[in-house]
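# Return atomic coordinates for the entry below.
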Amino acid sequence: MMDPCEELNEKLIQKKYNVRLKDVVKTFTKRLFYYIFDEHNNELQSLKKTFLDITDNLNIENNEAVWDEFKGEFSAIRAKLDLDAIAVVNFDPATKSLEEVYMACPGFYAISIYRLSHQLYVQKVPILPRMMSEYVHGITGIDIHPGATIGESFFVDHGTGIVIGETSIIKNNVKIFQGVTLGGIQVKKSMESTKRHPTIEDNVTIYANATILGGDIVIGANSTIGANVWITQSVPENSLVTYQTEIKIRPKKNGIR
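Predicted structure coming up:
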């Protein structure tokens, strides 16, 4: 007689999951981004139809009402994204115009899809927000969970390797560089309903490859977190946190190339 656990595993292995839906969500996400910035009336009905097809496949109930609520937030999402774009132009010397941000900035693209997927997360839509965030993660290397809470004028510079966990709270005018992790100090399924990721207050800058871990951690307003630091305790406001290491520069010896 088969063990009950083995029987359950067998059923799970044999279940069909319709993973081809990933391609549909990829196309939907791209078209949604385009619509937010280049609105055309004839596109909205097509987007709605695709949304309803996706949500039907995911067995999401009342999906017409879900779409109507989602659509009703597009203007507010666009307004937030315009503030994000302005932040890029204001702080990045390599970016010369807003057009460049909208057309060629991977950090802004990741933030855009985050803000769209976050709205669906807030509406308690299952699976689809994660599918959208994983699409843009694959494109940009930036992993922002749709459950994270991010304020206005968020600036991601370069961005590759950034990880922002589900219960992270990022307030206004925050700047984050490549390789930053806002993570949990422990990974336990029992912590599913608890705050596991840090809070970043207003006007904080976090430089490359800094790691900040823990749900009780607060990085105080107006602080600067230097590159490569590892933080597991709160930082007061107006702080500068750096990691110091000794770098030696000396003449080469003969024969060393």
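# where do the helices sit along the stretch 151-257 of the chain?
Using DSSP state H, counting those that start in this stretch, no helices are found in the stretch 151-257 of the chain.
# in it, what spans have low per-residue confidence?
Residues of the stretch 151-257 of the chain meeting the criterion pLDDT under 70: 255-257.
# at 90 what do you get?
Within the stretch 151-257 of the chain, the segments meeting pLDDT under 90 span 185-193, 244-257.
# which stretches of this protein form strands?
Here the chain has its strands, by DSSP state E, at 143-144, 149-150, 155-157, 163-164, 169-170, 175-177, 181-183, 199-200, 205-206, 211-213, 218-219, 224-225, 230-231, 240-241.
# and the ones you listed, which is most packed in?
With neighbours defined as mean count of other Cβ atoms under 10 Å, the strands of the chain peak in mean count at strand 199-200, which reaches a mean of 26. Using the backbone N, CA and C atoms, a C-beta is placed for each residue, glycine as well.
# circling back: got the strands of the chain as a markdown table, with distance to Ser112 columns?
Formatted as a markdown table, these follow (distance: least, Cβ to Cβ, whole Å):
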| stretch | distance to Ser112 |
| --- | --- |
| strand 143-144 | 11 |
| strand 149-150 | 12 |
| strand 155-157 | 11 |
| strand 163-164 | 15 |
| strand 169-170 | 16 |
| strand 175-177 | 16 |
| strand 181-183 | 19 |
| strand 199-200 | 20 |
| strand 205-206 | 20 |
| strand 211-213 | 24 |
| strand 218-219 | 24 |
| strand 224-225 | 25 |
| strand 230-231 | 28 |
| strand 240-241 | 30 |
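# Which one of these lies nearest to Leu32?
strand 143-144 (16.2 Å; Cβ to Cβ).
# Who are the contact partners of the residue nearest to Thr149 when sequence neighbours are not counted?
Excluding its sequence neighbours, the residue lying closest to Thr149 (Cβ to Cβ, 6 or more residues apart in numbering) is Ile169, at 4.7 Å. If a contact means Cβ atoms under 8 Å, 6 or more residues apart in numbering, then Ile169 has Ala148, Thr149, His197, Pro198, Thr199, Ile200 as its contacts.
# Lys15: which of those is nearest?
Using Cβ to Cβ, the contacts of Ile169 come closest to Lys15 at Ala148, 30.1 Å.
# follow-up on the earlier one: show me the one of the strands of the chain that comes nearest Phe74.
Closest to Phe74 of the strands of the chain is strand 149-150 (Cβ to Cβ; 17.5 Å).
# Would you list the strands that the closest one pairs with, along with their directions?
strand 169-170 (parallel) (DSSP bridges).
# Would you convert the contacts of Ile169 into a markdown table that also reports distance to Val122?
Below are these laid out as a markdown table (distance: Cβ to Cβ, whole Å):
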| residue | distance to Val122 |
| --- | --- |
| Ala148 | 11 |
| Thr149 | 9 |
| His197 | 17 |
| Pro198 | 20 |
| Thr199 | 18 |
| Ile200 | 20 |
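# okay, the residue nearest in space to the middle of the chain: pLDDT?
The centre of the chain sits closest to Ile144, judged by Cα atoms, centre = their mean, with a distance of 1.7 Å. Listed pLDDT for Ile144 reads 98.
# if I pick it, what's in contact with it?
Contacts of Ile144 (Cβ under 8 Å, 6+ apart): Ala110, Ile111, Tyr114, Ser133, His137, Ile150, Ile162, Ile164.
# Pick out the most distant pair among those.
Pairwise distances across the contacts of Ile144 peak at 15.5 Å for His137 and Ile150 (criterion: Cβ to Cβ).
# circling back to that earlier point, in the sheet, who's paired with the residue nearest to Thr149?
Thr149, Thr199.
# Make residue 1 into 34 and carry on from there
I'll keep to 34 as the first residue from here, and by that count the last item is Ile202.
# gap between it and His230?
Ile202 sits 8 Å away from His230, going by Cβ to Cβ, to the nearest Å.
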